[in-house]
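1. Curious how this folds, go ahead:
(chains A, B, C and D)
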2 protein chains.
Amino acid sequence: MEREDLGALLARAARRIFEAERPLLDAHGVTMWAYAALSLLARGSAPTQLALAEAMGYDKSRLIKILDDLEAEGLITRRPDATDRRAKVVDLTAEGRAKLAAVQADIRAMEAEVLAELSTRERETLLAVLPRLA
Amino acid sequence: MEREDLGALLARAARRIFEAERPLLDAHGVTMWAYAALSLLARGSAPTQLALAEAMGYDKSRLIKILDDLEAEGLITRRPDATDRRAKVVDLTAEGRAKLAAVQADIRAMEAEVLAELSTRERETLLAVLPRLA
DNA sequence: TATTGTTATACTCTATAACTATA
DNA sequence: TATAGTTATAGAGTATAACAATA
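-> Next up is the predicted model:
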């Protein structure tokens, strides 16, 4: 009873960040899931749709609409995998990379403000620890 | 690009915790929101339904069903506020406190396992920092 | 026969707006 | 007139199963 549950603490912190992200994403005309997809594509390179869905913790059937929109906007491309023509390889276009960079710059600036409430040591520990919890 | 977004890190960590919580909550026959309500009731005392909904970050109309179920199970009581008979004061029953203690014990044990992956210093910093981010 | 991407369908969750009873 | 709790309804989000093309 002395403290809140870890889950509640993480969820509240995540919610605060997401609420701060929403207007930034809206300004760029990108949904949260589309941004998540772009981020993952910039990181691991050229995954198949199924691999991307799994990496996002998202369902492959729900991902379709996200990718349809991103493709229509010219931010990604889909091409059949040479070794398995059932699968489609997803790639970021130059426009996709530019869009991601622009959105991410705004989000990082917002994060920097939030993290400024912490000391340097706290900030470093938090960012080192969170990836290991996930 | 060197690290993931803070929001993504928090969301992934929260998801991992919630997935570990689900079977524990199921075993006690309690939903996540019901558990959240019980936890908040044990903390701040005897709030009105509206105050409880706001504290949970939940909608007052959605809270109704949660409280209906908890009341039917004898875990909470609802009584009209003496000073404003429109409002209803929500109280934990003895059974409600016992249920909360039982569920929370299981969840804290699970959390302890997760947190055991961290050093003492990391653990303390994380738990000190998260409430300030929320 | 199994799997990838896709589509369709059903279900849950959430948001919004009314309604009642009190104020 | 406004507010707390409640109810009803519409919309968004999610899960599931089926389908075509390929393996």
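2. what residue lies at the spatial centre of chain A?
-> residue A:36 (2.3 Å; CA atoms, centre = their mean).
3. Ramachandran coordinates for that one?
-> Phi and psi for residue A:36, reported as degrees, to the nearest 10, are phi -60, psi -40.
4. quick one: it from DNA strand D, how far?
-> 11 Å (CB to the nearest atom of the strand, to the nearest Å). C-beta here means a position set from N, CA and C on the backbone, and glycine is covered the same way.
5. Without its sequence neighbours, what residue ends up closest to residue A:59?
-> The shortest distance from residue A:59 to any non-neighbouring residue, by CB to CB, 6 or more residues apart in numbering or on different chains, is to residue A:53 (6.4 Å).
6. typo on my end, it should be residue A:69
-> Nearest residue to residue A:69, sequence neighbours excluded (CB to CB, 6+ apart): residue A:34, at 6.7 Å.
7. Quick one: residues contacting the residue nearest to the centre of chain A.
-> When contacts are counted by CB atoms under 8 Å, 6 or more residues apart in numbering or on different chains, residue A:36 touches A:56, A:58, B:8.
8. so who does the first one touch?
-> By CB under 8 Å, 6+ apart, the contact set of residue A:56 is A:33, A:36-37, A:40, A:63.
9. Counting neighbours, which of those comes out on top?
-> Neighbour counts for those (other CB atoms under 10 Å in any protein chain shown) peak at residue A:37, which has 28 neighbours.
10. helix or strand for that residue, which one?
-> For residue A:37, the host element (DSSP states H and E) is helix A:32-43.
11. Make sure the residue nearest to residue A:59 is indeed in a strand.
-> No - using DSSP: H, G, I helix; E, B strand; the rest coil, the assignment for residue A:53 is helix, not a strand.
12. From DNA strand C, how far off is it?
-> Distance of residue A:53 to DNA strand C, given as CB to the nearest atom of the strand: 7 Å.
13. Surely that residue and residue A:67 touch.
-> No - assessed by CB atoms under 8 Å, residue A:53 is found out of contact with residue A:67, at 9.6 Å.
14. Check the burial of residue A:45 by counting its neighbours.
-> Counted with other CB under 10 Å, the neighbours of residue A:45 add up to 10.
15. again with residue A:89
-> So residue A:89, with other CB under 10 Å, has 19 neighbours.
16. list the contacts for it?
-> Taking CB under 8 Å, 6+ apart as the test, what residue A:89 contacts is A:46-48, A:78-81.
17. doesn't it fall inside a strand?
-> Yes - counting by three-state DSSP, residue A:89 is located in a strand.
18. got the end-to-end distance for stretch A:81-94?
-> Criterion CA to CA, to the nearest Å; first-to-last residue distance in stretch A:81-94 is 20 Å.
19. quick check, it touching DNA strand C?
-> Yes - among the residues of stretch A:81-94, A:84, A:86-88 lie within reach of DNA strand C under CB under 7 Å from any atom of the strand.
20. Which member of these is positioned nearest chain B?
-> Nearest to chain B out of the residues of stretch A:81-94 next to DNA strand C is residue A:88 (CB to the nearest CB; 24.1 Å).
21. Show me what that closest one is bridged to.
-> Using DSSP bridges, the beta-bridge partners of residue A:88 come out as residue A:80.
22. Confirm for me that it is in contact with residue A:48.
-> Yes - if you go by CB under 8 Å, residue A:88 and residue A:48 touch, sitting 6.5 Å apart.
23. before we move on, back to that, for the residue nearest to residue A:69, give me its contacts.
-> Contacts of residue A:34 (CB under 8 Å, 6+ apart): A:66, A:69-70.
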